[in-house]
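Student: Next come a sequence and a model predicted from it.
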Amino acid sequence: MSGHSKWSTIKHKKGAADARRSKIFTKLIKEITVAARIGGADINGNPRLRTAVSEARAANMPSDNVDRAIKKGTGALEGQSFEEIVYEAYGPGGVALLIELTTDNRNRTVAEIRHMLERHGAKMATSGAVSRLFHKRGILVLDNDKASEERVMELGLELGADDVRAGGGGFEVIVDPGALEGMRTGFEKAGLVPSSAEVAAIAESSVRLEGPAAQSMLKLMAALEDHEDVQHVYANFDIDDEIMERFSA
(Lines give C-alpha, C1' and ligand atoms only; values in the text may rest on other atoms or scores of the structure.)
Protein backbone atom coordinates (compact mmCIF):
# COMPACT_ATOMS: atom_id res chain seq x y z
CA MET A 1 0.00 0.00 0.00
CA SER A 2 1.35 3.44 -0.90
CA GLY A 3 2.65 5.90 1.67
CA HIS A 4 -0.25 8.20 0.91
CA SER A 5 -2.83 5.55 1.70
CA LYS A 6 -1.02 4.49 4.86
CA TRP A 7 -1.16 8.11 5.97
CA SER A 8 -4.88 8.22 5.11
CA THR A 9 -5.38 5.24 7.40
CA ILE A 10 -3.62 7.11 10.20
CA LYS A 11 -5.90 10.09 9.62
CA HIS A 12 -8.97 7.89 10.00
CA LYS A 13 -7.64 6.43 13.24
CA LYS A 14 -6.81 9.86 14.64
CA GLY A 15 -9.97 11.37 13.20
CA ALA A 16 -12.25 10.61 16.15
CA ALA A 17 -10.93 13.69 17.94
CA ASP A 18 -11.01 15.80 14.78
CA ALA A 19 -14.63 14.85 14.14
CA ARG A 20 -15.62 16.54 17.38
CA ARG A 21 -14.16 19.84 16.22
CA SER A 22 -15.76 22.36 13.91
CA LYS A 23 -12.55 22.48 11.87
CA ILE A 24 -13.48 19.41 9.83
CA PHE A 25 -16.81 21.01 8.91
CA THR A 26 -15.03 24.22 7.94
CA LYS A 27 -12.81 22.35 5.49
CA LEU A 28 -15.73 20.45 3.99
CA ILE A 29 -17.81 23.62 3.60
CA LYS A 30 -14.94 25.30 1.75
CA GLU A 31 -14.58 22.34 -0.61
CA ILE A 32 -18.33 22.15 -1.29
CA THR A 33 -18.49 25.92 -1.92
CA VAL A 34 -15.56 25.90 -4.34
CA ALA A 35 -16.79 22.76 -6.12
CA ALA A 36 -20.24 24.30 -6.62
CA ARG A 37 -18.72 27.57 -7.83
CA ILE A 38 -16.58 25.81 -10.42
CA GLY A 39 -18.90 23.02 -11.59
CA GLY A 40 -22.42 24.05 -10.59
CA ALA A 41 -24.95 22.73 -8.08
CA ASP A 42 -25.94 19.52 -9.92
CA ILE A 43 -24.33 16.69 -7.95
CA ASN A 44 -24.88 14.21 -10.78
CA GLY A 45 -23.09 16.47 -13.24
CA ASN A 46 -20.34 17.67 -10.89
CA PRO A 47 -18.08 14.79 -9.70
CA ARG A 48 -16.03 17.03 -7.43
CA LEU A 49 -19.16 18.28 -5.67
CA ARG A 50 -20.55 14.75 -5.43
CA THR A 51 -17.37 13.56 -3.70
CA ALA A 52 -17.37 16.54 -1.33
CA VAL A 53 -21.01 16.00 -0.38
CA SER A 54 -20.35 12.28 0.20
CA GLU A 55 -17.49 13.17 2.56
CA ALA A 56 -19.71 15.67 4.36
CA ARG A 57 -22.40 13.05 4.88
CA ALA A 58 -19.81 10.57 6.16
CA ALA A 59 -18.75 13.23 8.70
CA ASN A 60 -22.40 13.65 9.76
CA MET A 61 -22.61 17.24 8.56
CA PRO A 62 -26.22 18.51 8.71
CA SER A 63 -27.97 18.72 5.33
CA ASP A 64 -28.71 22.43 5.91
CA ASN A 65 -24.97 23.15 6.10
CA VAL A 66 -24.39 21.30 2.84
CA ASP A 67 -27.23 23.12 1.08
CA ARG A 68 -26.01 26.54 2.26
CA ALA A 69 -22.47 25.81 1.11
CA ILE A 70 -23.73 24.84 -2.35
CA LYS A 71 -25.87 27.98 -2.60
CA LYS A 72 -22.95 30.17 -1.52
CA GLY A 73 -20.83 28.55 -4.21
CA THR A 74 -23.37 29.21 -6.95
CA GLY A 75 -24.11 32.72 -5.73
CA ALA A 76 -27.66 32.00 -4.58
CA LEU A 77 -26.53 33.08 -1.11
CA GLU A 78 -23.91 35.65 -0.19
CA GLY A 79 -20.70 34.16 1.16
CA GLN A 80 -16.92 34.47 1.45
CA SER A 81 -14.73 34.39 -1.62
CA PHE A 82 -12.31 31.47 -1.40
CA GLU A 83 -9.10 31.06 -3.38
CA GLU A 84 -7.40 27.73 -4.09
CA ILE A 85 -3.61 27.65 -3.72
CA VAL A 86 -1.00 24.90 -4.04
CA TYR A 87 2.27 25.26 -2.15
CA GLU A 88 5.30 23.09 -2.84
CA ALA A 89 7.82 22.26 -0.14
CA TYR A 90 10.63 19.98 0.96
CA GLY A 91 10.16 18.16 4.27
CA PRO A 92 12.61 16.33 6.56
CA GLY A 93 15.05 14.17 4.61
CA GLY A 94 14.18 15.92 1.34
CA VAL A 95 10.62 14.56 1.16
CA ALA A 96 8.55 16.29 -1.54
CA LEU A 97 5.33 17.94 -0.32
CA LEU A 98 2.31 19.25 -2.21
CA ILE A 99 -0.02 21.29 0.01
CA GLU A 100 -3.46 22.17 -1.37
CA LEU A 101 -5.27 24.99 0.42
CA THR A 102 -8.50 26.97 0.21
CA THR A 103 -8.32 30.39 1.85
CA ASP A 104 -9.96 33.79 2.01
CA ASN A 105 -6.65 35.45 2.94
CA ARG A 106 -3.60 34.39 0.93
CA ASN A 107 -1.09 36.53 2.84
CA ARG A 108 -2.15 35.19 6.22
CA THR A 109 -2.15 31.61 5.03
CA VAL A 110 1.27 31.66 3.37
CA ALA A 111 2.84 33.22 6.49
CA GLU A 112 1.30 30.55 8.73
CA ILE A 113 2.28 27.66 6.46
CA ARG A 114 5.83 28.95 6.03
CA HIS A 115 6.22 29.23 9.82
CA MET A 116 4.84 25.72 10.31
CA LEU A 117 7.24 24.25 7.75
CA GLU A 118 10.26 25.94 9.31
CA ARG A 119 9.24 24.76 12.80
CA HIS A 120 9.30 21.14 11.57
CA GLY A 121 12.55 21.27 9.60
CA ALA A 122 10.94 21.88 6.20
CA LYS A 123 11.02 24.74 3.68
CA MET A 124 9.12 26.14 0.73
CA ALA A 125 10.18 25.01 -2.76
CA THR A 126 10.06 26.88 -6.05
CA SER A 127 7.02 26.39 -8.26
CA GLY A 128 7.28 23.17 -10.29
CA ALA A 129 10.16 21.70 -8.29
CA VAL A 130 7.85 19.28 -6.47
CA SER A 131 4.66 19.09 -8.54
CA ARG A 132 6.49 17.39 -11.43
CA LEU A 133 7.04 14.37 -9.18
CA PHE A 134 3.30 13.73 -8.69
CA HIS A 135 0.34 12.74 -10.85
CA LYS A 136 -3.37 12.63 -9.95
CA ARG A 137 -5.06 9.24 -9.57
CA GLY A 138 -8.33 8.01 -8.09
CA ILE A 139 -7.78 5.68 -5.12
CA LEU A 140 -10.32 3.50 -3.33
CA VAL A 141 -9.16 1.78 -0.15
CA LEU A 142 -10.90 -1.32 1.21
CA ASP A 143 -10.07 -3.00 4.51
CA ASN A 144 -9.00 -6.62 4.13
CA ASP A 145 -11.65 -7.80 6.59
CA LYS A 146 -14.38 -6.81 4.13
CA ALA A 147 -13.36 -8.96 1.17
CA SER A 148 -10.68 -11.31 -0.09
CA GLU A 149 -7.90 -10.12 -2.35
CA GLU A 150 -9.29 -12.31 -5.12
CA ARG A 151 -12.74 -10.68 -4.86
CA VAL A 152 -11.37 -7.14 -4.82
CA MET A 153 -9.09 -7.91 -7.75
CA GLU A 154 -11.90 -9.54 -9.74
CA LEU A 155 -14.40 -6.74 -9.14
CA GLY A 156 -11.86 -3.96 -9.65
CA LEU A 157 -10.74 -5.26 -13.03
CA GLU A 158 -14.33 -5.95 -14.02
CA LEU A 159 -15.19 -2.31 -13.31
CA GLY A 160 -12.18 -1.00 -15.24
CA ALA A 161 -9.54 -0.38 -12.56
CA ASP A 162 -6.01 0.36 -13.74
CA ASP A 163 -4.46 -1.56 -10.85
CA VAL A 164 -5.30 -3.31 -7.58
CA ARG A 165 -2.68 -3.47 -4.83
CA ALA A 166 -2.62 -5.34 -1.53
CA GLY A 167 -0.72 -4.52 1.63
CA GLY A 168 -0.86 -2.66 4.92
CA GLY A 169 -4.05 -4.38 6.04
CA GLY A 170 -6.08 -3.42 2.99
CA PHE A 171 -6.38 -3.05 -0.76
CA GLU A 172 -5.97 -0.09 -3.08
CA VAL A 173 -7.95 0.16 -6.30
CA ILE A 174 -6.31 2.63 -8.68
CA VAL A 175 -8.44 4.34 -11.35
CA ASP A 176 -8.51 7.35 -13.62
CA PRO A 177 -9.74 10.34 -11.54
CA GLY A 178 -12.81 10.71 -13.75
CA ALA A 179 -13.82 7.10 -13.09
CA LEU A 180 -13.55 7.28 -9.29
CA GLU A 181 -17.23 7.81 -8.49
CA GLY A 182 -18.35 5.09 -10.89
CA MET A 183 -15.86 2.70 -9.33
CA ARG A 184 -17.03 3.56 -5.80
CA THR A 185 -20.67 3.00 -6.85
CA GLY A 186 -19.78 -0.34 -8.43
CA PHE A 187 -18.10 -1.60 -5.27
CA GLU A 188 -20.94 -0.39 -3.05
CA LYS A 189 -23.52 -2.14 -5.25
CA ALA A 190 -21.49 -5.33 -4.82
CA GLY A 191 -21.69 -4.91 -1.04
CA LEU A 192 -18.10 -3.71 -0.59
CA VAL A 193 -17.99 -0.22 0.90
CA PRO A 194 -14.59 1.51 0.56
CA SER A 195 -13.13 2.98 3.73
CA SER A 196 -12.01 5.93 1.62
CA ALA A 197 -12.30 7.13 -1.98
CA GLU A 198 -10.44 10.19 -3.20
CA VAL A 199 -8.50 11.78 -6.01
CA ALA A 200 -4.93 12.00 -4.75
CA ALA A 201 -1.56 13.16 -6.02
CA ILE A 202 0.64 10.08 -6.15
CA ALA A 203 4.43 10.36 -6.28
CA GLU A 204 6.44 8.57 -8.95
CA SER A 205 9.27 7.91 -6.47
CA SER A 206 9.66 7.84 -2.70
CA VAL A 207 12.11 8.94 0.00
CA ARG A 208 12.90 6.43 2.75
CA LEU A 209 12.73 7.88 6.27
CA GLU A 210 13.68 6.34 9.61
CA GLY A 211 14.24 7.47 13.19
CA PRO A 212 13.93 11.18 14.05
CA ALA A 213 13.38 12.20 10.43
CA ALA A 214 10.37 9.87 10.18
CA GLN A 215 8.88 11.22 13.41
CA SER A 216 9.44 14.81 12.29
CA MET A 217 7.75 14.08 8.97
CA LEU A 218 4.68 12.55 10.59
CA LYS A 219 4.39 15.45 13.04
CA LEU A 220 4.60 17.89 10.14
CA MET A 221 1.88 16.04 8.23
CA ALA A 222 -0.40 16.12 11.26
CA ALA A 223 0.27 19.81 11.88
CA LEU A 224 -0.39 20.79 8.27
CA GLU A 225 -3.63 18.84 8.06
CA ASP A 226 -4.80 20.40 11.31
CA HIS A 227 -4.64 23.85 9.70
CA GLU A 228 -8.16 24.91 8.72
CA ASP A 229 -7.08 26.19 5.28
CA VAL A 230 -5.29 22.98 4.29
CA GLN A 231 -7.50 20.66 2.24
CA HIS A 232 -4.95 17.99 1.24
CA VAL A 233 -1.28 17.22 1.83
CA TYR A 234 0.61 14.81 -0.42
CA ALA A 235 4.13 13.57 0.28
CA ASN A 236 6.49 10.96 -1.13
CA PHE A 237 7.82 9.54 2.13
CA ASP A 238 8.27 5.82 2.75
CA ILE A 239 8.05 5.04 6.46
CA ASP A 240 7.78 1.60 8.09
CA ASP A 241 4.27 0.55 9.09
CA GLU A 242 5.46 -0.01 12.66
CA ILE A 243 6.55 3.61 13.04
CA MET A 244 3.33 4.90 11.53
CA GLU A 245 1.24 2.65 13.78
CA ARG A 246 3.06 3.93 16.87
CA PHE A 247 2.39 7.50 15.74
CA SER A 248 -1.32 6.80 15.36
CA ALA A 249 -1.66 5.15 18.77
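Tutor: Nice, thanks for sending it over.
Student: Going by C-alpha atoms from here, please, whenever you check contacts or count neighbours.
Tutor: Fine.
Student: tally of neighbours for Glu78?
Tutor: 11 (other Cα atoms under 10 Å).
Student: same question but for Asn60, I mixed them up
Tutor: Count around Asn60 with other Cα under 10 Å applied: 11.
Student: Doesn't it lie inside a helix?
Tutor: No - Asn60: not assigned to a helix; according to DSSP: H, G, I helix; E, B strand; the rest coil it is coil.
Student: now it: how far from Pro194?
Tutor: According to Cα to Cα, to the nearest Å, Asn60 stands 17 Å off from Pro194.
Student: cool, and Glu118?
Tutor: Distance from Glu118 to Pro194, by Cα to Cα: 36 Å.
Student: Between those two, which is the more surrounded one?
Tutor: It is Pro194, of Glu118 and Pro194, that has more neighbours when counted by other Cα under 10 Å, with 19 against 13.
Student: Touching, that one and Leu140? I think so.
Tutor: Yes - Pro194 lies in contact with Leu140 (Cα atoms under 8 Å); the separation is 6.1 Å.
Student: and for the two, which residues touch both?
Tutor: Arg184 (Cα atoms under 8 Å, 6 or more residues apart in numbering).
Student: out of everything not next to it in sequence, what's closest to Ile99?
Tutor: Nearest residue to Ile99, sequence neighbours excluded (Cα to Cα, 6 or more residues apart in numbering): Val233, at 4.6 Å.
Student: looking at this, the one you found is in a strand?
Tutor: Yes - assigned with three-state DSSP, Val233 falls within a strand.
Student: how many other residues sit next to it?
Tutor: 20.
Student: who touches it in this structure?
Tutor: 97-100, 221, 224-225.
Student: switch to 10 Å and redo it
Tutor: By Cα atoms under 10 Å, 6 or more residues apart in numbering, Val233 lies in contact with 4, 86-88, 97-101, 200-201, 221-222, 224-225.
Student: quick one: Val193 from Asn105, how far?
Tutor: Val193 is 37 Å from Asn105, by Cα to Cα.
Student: So for the two, which sits in the more crowded spot?
Tutor: The neighbour comparison of Val193 against Asn105 (other Cα under 10 Å) goes to Val193, with 19 against 12.
Student: for the more buried one, helix, strand, or coil?
Tutor: Going by three-state DSSP: Val193 is coil.
Student: residue contacts, it?
Tutor: 140-143, 146-147, 184-187.
Student: and the gap between it and Glu158?
Tutor: Taking Cα to Cα, one finds Val193 at 16 Å from Glu158.
Student: Contacts for stretch 60-71, please.
Tutor: By Cα under 10 Å, 6+ apart, stretch 60-71 touches 19, 24-25, 28-37, 40-43, 49, 52-57, 72-79.
Student: My guess is Lys30 contacts Phe82. True?
Tutor: Yes - using Cα atoms under 10 Å, Lys30 is in contact with Phe82, at 7.4 Å.
Student: residues bridging contact with the two, i.e. touching both?
Tutor: 73, 101-104, 229.
Student: Report the distance from the longest strand seen in the chain to the chain centre.
Tutor: Criterion DSSP state E: the longest strand present in the chain is strand 134-143. The chain centre lies 9 Å from the centre of strand 134-143; the measure is Cα atoms, centre = their mean, to the nearest Å.
Student: by contact count, what packs against that strand?
Tutor: helix 3-19, strand 96-103, helix 149-158, strand 163-167, strand 170-175, helix 180-189, strand 196-203 (3 or more Cα pairs under 10 Å, 6 or more residues apart in numbering; DSSP states H and E).
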